[in-house]
Structures are given as C-alpha cells and as structure tokens.
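> heads up, no residue letters with this:
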C-alpha cells in the first residue's frame, strides 16, 4: 500500500461561483485550515484525481491553485504557527509552517 503524502492546497479563485465549487471539492480531499487553504493526505491516485477535478473548474487566466507537497506523512515534521481567533489542529496533531 502506498504511503500518502501531506499537501497544503491554497487557491485564489476570481469568480465566487467557481470558488464555491473548488471549496466543496476540497472538503472531499482534505481538512479546511483557513479561508482558501486546505491540508490533505493524498496517495498518488487521489492527488491526480484532485488535480483533474480542479483543472476542470478553474479558468487558467484568472485563477491560481498551489499544491505544496510537504512529503511523506510518516516522516514529515511540519511546524505551525497559528495566530488569531481560529483554532487549528493539523493532521495527526503535527504542526505545519506555510
């Protein structure tokens, strides 16, 4: 069985309807961290599936999505600094720095 990788997905979608569609899709692939940021544990098949779905929604000249690969979920040791009112619990309670 393939070990999943930890991704941070951040997006800037110019149209509110497309933004909502991307947001709904992301909920099926990861945990919501902040307005347009998710953290996801994905095996390669789910990663490719997510990219395909997102490419079908966005307008390449107007929108931007970053998928940041932090590495193997078993070995990555991310750190998080979270400031402000939102409570945030990273996957496996391991912190992440973005």
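It's in. For clarity, every value in this text was computed on a predicted model and none was experimentally measured. Residues are numbered from 1 along each chain as shown.

> hey, let's count contacts and neighbours off CA atoms from now on
OK.

> Partner strands of the lowest-mean-pLDDT helix or strand in the chain, with direction?
Least confident helix or strand of the chain, by mean pLDDT, DSSP states H and E, is strand 31-34 with a mean of 90. Paired strands of strand 31-34, with direction, are strand 37-42 (antiparallel) (DSSP bridges).

> what comes into contact with the partner strand?
4-11, 26, 29-33, 73, 90-91 (Cα atoms under 8 Å, 6 or more residues apart in numbering).

> From the contact counts, what lies against the helix or strand following that strand?
Following strand 37-42 in sequence order, the next helix or strand is helix 44-55 (DSSP states H and E). Other helices and strands packing on helix 44-55, by 3 or more Cα pairs under 8 Å, 6 or more residues apart in numbering; DSSP states H and E, are absent; none qualifies.

> Filter the contacts of strand 37-42 down to the buried ones.
For those, a neighbour count by 16 or more other Cα atoms under 10 Å gives the buried set as 4-11, 26, 29-33, 73, 90.

> ok, which stretches of the protein are strands?
5-12, 31-34, 37-42, 64-72 (DSSP state E).

> partner strands of the first one, parallel or antiparallel?
It stands for strand 5-12. As assigned by DSSP bridges, strand 5-12 forms pairs with strand 37-42 (antiparallel), strand 64-72 (antiparallel).

> Among the strands of the chain, which comes closest to residue 56?
strand 64-72 (12.5 Å; Cα to Cα).
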